[in-house]
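**Student:** When you get a sec, could you give me coordinates for this:
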Amino acid sequence: MSYKAHLKKDPKLSSILDEDTHIIKRRKNTPIRLMASIISQQLSTKVAKIIFERFLALYQKKEPTCQQVIDTPDETLRAIGLSYSKIGYVKNVAQFFIEHHLTDKQLYQMLPEEVIDLLVQIKGVGKWTVEMLLMFSLGHENVFAVDDLGIQQAMIKLYRFKYTTKKELQTKMLAKAKSWEPYKTYACLHLWKWKDGGAV
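**Tutor:** Have a look, this model is predicted:
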């Protein structure tokens, strides 16, 4: 069964499943993907892209090794637009991957919950950041980002959720998402796209 056939069992969600079929792929160099996510935090997509391109330019436009990132002076990273806190977080990621001898292959083989528990130990890396990594780099099809503002806004609009607290909203979201298993990631991708430009 294709993911769309399964998700169409939810009438509301079915109404926003456009012609596009999303494909989830694994990407290499997980620590750099995590660093890119940290760099992009609280920035527009356009600005984040520019700063990440500047970051790569420091290494002849190639993705650096963790050791190269650690060896880069803080002032050099500050000059491309990173705050000192983000510089610390990016280097924390590099140090963590070196100390734990982590590889892409190891992370691919772990359950999502295990990846989250492992990587949130890094200062500057939260659950949401790891969930984005699971979706967009590690290729997991069944991740639901309940804390994501875009997903929250899309689901409030689509399902007309009524709630008085954030916890109540998230409880309703999680209950609804249960029926999307094992394709929660795809549902999130369609919700994001619909929120950014679609309409029922």
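
**Student:** Outside of the helix ranked longest in the chain itself, list whatever touches it.
**Tutor:** Across the chain, the longest stretch assigned as helix under DSSP state H is helix 84-99. Applying C-beta atoms under 8 Å, 6 or more residues apart in numbering, the set of residues contacting helix 84-99 from outside is 30-31, 34-35, 38-39, 41, 66-67, 69-70, 74, 77-78, 82, 102, 119, 121-125. In this view, the C-beta of every residue, glycine as well, is placed from N, C-alpha and C.

**Student:** And stretch 38-46, by the same measure?
**Tutor:** Contacts of stretch 38-46 (C-beta under 8 Å, 6+ apart): 48, 51-52, 55, 82, 86, 89-90, 93, 124-125, 129.

**Student:** and the gap between the closest residue to Gly124 other than its chain neighbours and Ser44?
**Tutor:** With sequence-adjacent residues excluded and distances taken as C-beta to C-beta, 6 or more residues apart in numbering, Gly124 is closest to Tyr89, at 2.8 Å. To Ser44, Tyr89 is 19 Å away according to C-beta to C-beta, to the nearest Å.

**Student:** same question, Pro182
**Tutor:** Taking C-beta to C-beta, one finds Pro182 at 33 Å from Ser44.

**Student:** what's the most distant pair in the contacts of stretch 38-46?
**Tutor:** Ile51 and Val125 (18.0 Å; C-beta to C-beta).

**Student:** Between those two, which is the more surrounded one?
**Tutor:** Val125 (22 against 16; other C-beta atoms under 10 Å).

**Student:** give the contact list for the residue lying closest to Lys28 once chain neighbours are set aside.
**Tutor:** Take Lys28 and drop its neighbours on the chain: the residue closest to it by C-beta to C-beta, 6+ apart is Asp104, 5.6 Å away. Counting by C-beta under 8 Å, 6+ apart, Asp104 touches 26, 28-30.
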